[in-house]
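pasting the sequence and the predicted coordinates here, then a few questions.
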Amino acid sequence: MLMVVGLGNPGRRYEATRHNAGFMAIDLLADDLGISLDRNREQAIIGRGLVGNNRVLLVKPQTYMNNSGQAVAPLARWYGIAPEAILVIHDDLDLTPGRLRLRPGGSSGGHRGLQSIMMHLGTTNIPRLKIGIGRPAAGEDVVDYVLQPFSQNDWELVRPVLLKAAEAARFLLEGGDMEEAMNRFNQ
């Protein structure tokens, strides 16, 4: 079984915020694959399905971003999914809006949701797909920035990247190789 986790914060208040780019990508992927996100398990909304011969679990943790590992690790244990079979989709301040980057593992880059998952799984070898949201203006608080909706200009850049993120995740779920995916989708 393969798991794709989109990171974000639960609730209508956060629905369209920069920090919920991972949730947005999971919703697009679920629609594309015809998988309903209709179950609650281990503090997450999940959907299960098949992509080719691969069983797939789509996950939206409901623990709030900084505690994402509290949902992801128990799900990985329950379904017997190794960390390297999990793809985490999340926002990234260090990428400009309109950019996307796949990585097979490495540091969290300061992303607290990813840090939580790494801590709970005990490894940094977790594939991730980063969606660029850019940095706040000088003097603007980072927390306030990530919890705001995209500006109209940024949304025009991010919307196509969310579609491309869903496409990249599907490529991997269909058995595509990470190196080939990085060559094809990294911008």
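Nice, thanks for sending it over.

so for the residue of the chain most remote from its centre, what's the pLDDT?
In the chain, G139 marks the outermost C-alpha relative to the chain mean, sitting 27.6 Å out by C-alpha atoms, centre = their mean. As predicted, G139 sits at a pLDDT of 92.

try E179
Note for E179: predicted pLDDT of 96.

again, but for Q187
74.

separation between it and P136?
22 Å (C-beta to C-beta, to the nearest Å). Where C-beta positions appear, they are placed from N, C-alpha and C, glycine not excepted.

just V143 next, same as before
According to C-beta to C-beta, V143 stands 9 Å off from P136.

of the two, which one has the most company?
Higher neighbour count among V143 and P136: P136, with 16 against 10, using other C-beta atoms under 10 Å.

SS state for that one?
Here P136 is recorded as coil under DSSP: H, G, I helix; E, B strand; the rest coil.

so what's it closest to, chain neighbours aside?
Once flanking residues are discounted, P136 sits nearest to Y145: 3.6 Å by C-beta to C-beta, 6 or more residues apart in numbering.

which parts of the helix or strand containing that neighbour are buried?
In this structure, Y145 sits in helix 142-146 according to DSSP states H and E. Using 16 or more other C-beta atoms under 10 Å as the test for burial, helix 142-146 gives Y145, V146.

could I get that helix in PDB with only the CA atoms?
The C-alpha coordinates for helix 142-146 follow below in PDB (Å, rounded to 0.1, in the frame of the first residue of the first chain):
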ATOM      1  CA  VAL A 142       5.500  34.200   8.900                       C
ATOM      2  CA  VAL A 143       2.600  32.600  10.900                       C
ATOM      3  CA  ASP A 144       0.200  35.300   9.800                       C
ATOM      4  CA  TYR A 145       1.400  34.900   6.200                       C
ATOM      5  CA  VAL A 146       0.900  31.200   5.900                       C
END
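
from the contact counts, what lies against the longest helix along the chain?
The longest helix of the chain (DSSP state H) is helix 152-173. If contacts are counted by 3 or more C-beta pairs under 8 Å, 6 or more residues apart in numbering; DSSP states H and E, helix 152-173 sits against strand 2-6, helix 21-33, strand 86-92, strand 100-103, strand 128-132, helix 178-185.

with only the CA atoms kept, save it in PDB.
Output in PDB follows, covering the C-alpha atoms of helix 152-173 (Å, rounded to 0.1, in the frame of the first residue of the first chain):
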ATOM      1  CA  GLN A 152      -5.000  36.900  -6.500                       C
ATOM      2  CA  ASN A 153      -1.600  37.100  -8.300                       C
ATOM      3  CA  ASP A 154      -0.200  34.200  -6.300                       C
ATOM      4  CA  TRP A 155      -3.300  32.100  -6.800                       C
ATOM      5  CA  GLU A 156      -2.900  32.400 -10.500                       C
ATOM      6  CA  LEU A 157       0.600  31.000 -10.200                       C
ATOM      7  CA  VAL A 158      -0.300  28.300  -7.500                       C
ATOM      8  CA  ARG A 159      -3.500  26.900  -9.100                       C
ATOM      9  CA  PRO A 160      -1.600  25.200 -12.000                       C
ATOM     10  CA  VAL A 161       1.100  23.900  -9.600                       C
ATOM     11  CA  LEU A 162      -1.600  22.200  -7.500                       C
ATOM     12  CA  LEU A 163      -2.800  20.400 -10.600                       C
ATOM     13  CA  LYS A 164       0.800  19.500 -11.500                       C
ATOM     14  CA  ALA A 165       1.300  18.200  -7.900                       C
ATOM     15  CA  ALA A 166      -1.700  15.900  -8.200                       C
ATOM     16  CA  GLU A 167      -0.300  14.800 -11.600                       C
ATOM     17  CA  ALA A 168       3.100  14.100 -10.000                       C
ATOM     18  CA  ALA A 169       1.600  12.100  -7.200                       C
ATOM     19  CA  ARG A 170      -0.500  10.100  -9.600                       C
ATOM     20  CA  PHE A 171       2.700   9.400 -11.600                       C
ATOM     21  CA  LEU A 172       4.400   8.000  -8.500                       C
ATOM     22  CA  LEU A 173       1.300   6.000  -7.500                       C
END
